[in-house]
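Colleague: Pasting a predicted model and its sequence here:
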Amino acid sequence: MLTLADIGFDAPTALLARYGLTLVRTPDGATIPGSYWGDSEAGIIGTTVYARADTPVHSLLHEAGHLIVLPPEKRAQVHTDATDSVPEEDAVCVLQGLLGDALPGVGRERVWADMDTWGYTFRLGSARAYVEQDADDAWRWLEDHGLIDNQRRLC
């Protein structure tokens, strides 16, 4: 599993800043504020994403994705659990791979593989199969919300 220790904090910090988000490094071994899953999983509170060096990159991208898809006025209300919306959750699963492409040395393939290793479950058996064959609604959701263009690239 690729972690922030493997890629550093600089590129993810810059990526999140593009969306008006702040990445805060939590000290090694400390509890991550706003973490839904606990352990090394990323946390979210307002416009801040919290992570440690041992936080999986896919976790950081997923939690950041939840904030990215929200309008700015709704972000301030988020603490730990971003949504109960299935369409939004599906869109975030697609978005995290696209965000992986924006990080040097990461890419969507690695994000998808780590999602599978972590335990995400999809009808077609893998994150890649979901995104490539079963995520039309999620792609449309991202485009309708101005997050991707008609070529399925990040805006």
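Modeller: Great, that's in hand. Residues are numbered from 1 along each chain as shown.

Colleague: biggest helix in this protein by residues?
Modeller: helix 86-101 (DSSP state H).

Colleague: Which strands or helices does the very next helix or strand once past it pack on?
Modeller: Next along the chain after helix 86-101, taking DSSP states H and E as the criterion, comes helix 107-118. Helices and strands touching helix 107-118, by 3 or more Cβ pairs under 8 Å, 6 or more residues apart in numbering; DSSP states H and E, are helix 57-68, helix 86-101, helix 127-129. Glycine gets a C-beta too; all of them are placed from N, C-alpha and C.

Colleague: how about those, which one is nearest residue 136?
Modeller: helix 86-101 (10.1 Å; Cβ to Cβ).

Colleague: Could you list the buried residues of that closest one?
Modeller: 88-100 (16 or more other Cβ atoms under 10 Å).

Colleague: do stretch 127-141 as well
Modeller: 127, 128, 130, 131, 135, 138, 139, 141.

Colleague: Name the nearest residue to the fourth one, sequence neighbours excluded.
Modeller: Read that as residue 131. Nearest residue to residue 131, sequence neighbours excluded (Cβ to Cβ, 6 or more residues apart in numbering): residue 94, at 5.4 Å.

Colleague: And for the last one?
Modeller: Of all residues beyond its chain neighbours, the one nearest residue 141 is residue 91 (4.3 Å), with distances taken as Cβ to Cβ, 6+ apart.

Colleague: what's near enough to touch that neighbour?
Modeller: Neighbouring residues of residue 91 by Cβ atoms under 8 Å, 6 or more residues apart in numbering: 65, 69, 138, 141, 142, 145, 147.

Colleague: By neighbour count, which of these wins?
Modeller: Ranked by the number of neighbours (other Cβ atoms under 10 Å), the contacts of residue 91 place residue 65 first, at 27 neighbours.

Colleague: pretty sure that one is in contact with residue 99, am I right?
Modeller: Yes: with contact defined as Cβ atoms under 8 Å, residue 65 reaches residue 99; the gap is 6.5 Å.
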